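K.L.:
Any chance you could fold what I've pasted below:
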Amino acid sequence: EGRPHIVDLIKNDEIDFIVNTTEGKQAIADSCEIRRTGLQHRLTYTTTMTGARAMCRAMKQQSMGEVNRLQDLHKELVL
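P.N.:
Residues are numbered from 1 along each chain as shown. So this is what the prediction gives:
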């Protein structure tokens, strides 16, 4: 309702990662605009706490070393 609204923060590039869980009609209505704006700004977006935890683990692992594509790892096993 008030300003600054989360959408304003997204548009101002003040948000890097969105965890948007909803409960209730108003939250569900707001989530559409939040999701649309986040995707337009190419932000990582999840709607569940399980997804948020998985993303945090992935970011932590990324900072710990090299990240490999599964396809590349499979190719090494097959050769």
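K.L.:
Point out where the chain drops to low pLDDT.
P.N.:
The chain contains residues with pLDDT under 70 at 1, 79.
K.L.:
those strands in it, which residues are they?
P.N.:
17-19, 44-46 (DSSP state E).
K.L.:
a markdown table for those, including distance to L77?
P.N.:
(C-beta placed from N, C-alpha, C; glycine too.) Below are the strands of the chain laid out as a markdown table (distance: least, Cβ to Cβ, whole Å):
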| stretch | distance to L77 |
| --- | --- |
| strand 17-19 | 33 |
| strand 44-46 | 29 |
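K.L.:
would you turn those into CSV with mean neighbour count and distance to G2?
P.N.:
Below are those laid out as CSV (neighbours: other Cβ atoms under 10 Å; distance: least, Cβ to Cβ, whole Å):
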stretch, mean neighbour count, distance to G2
strand 17-19, 16, 19
strand 44-46, 16, 23
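K.L.:
separation between K60 and A54?
P.N.:
Using Cβ to Cβ, to the nearest Å, one obtains 11 Å as the distance from K60 to A54.
K.L.:
Between those two, which is the more surrounded one?
P.N.:
Taking other Cβ atoms under 10 Å, K60 and A54 do not tie; A54 has more neighbours (12 against 9).
K.L.:
And the more buried one, how far from G65?
P.N.:
18 Å.
K.L.:
Surely I28 touches T22?
P.N.:
Yes - in this structure, I28 is within contact of T22 by Cβ atoms under 8 Å, at 4.9 Å.
K.L.:
So if I had to pick from these two, which one is more boxed in?
P.N.:
Neighbours were counted for I28 and for T22 using other Cβ under 10 Å; T22 has more, 14 against 10.
K.L.:
residue contacts, the more buried one?
P.N.:
I28, D30, S31, T47 (Cβ atoms under 8 Å, 6 or more residues apart in numbering).
K.L.:
what's the straight distance from one end of stretch 2-20 to the other?
P.N.:
18 Å (Cα to Cα, to the nearest Å).
K.L.:
again but with stretch 37-50, I slipped
P.N.:
So stretch 37-50: terminal residues 22 Å apart, Cα to Cα.
K.L.:
May I see the buried residues of it?
P.N.:
The neighbour-count check on stretch 37-50 (16 or more other Cβ atoms under 10 Å) flags T37, G38, L43, Y45, T46 as buried.
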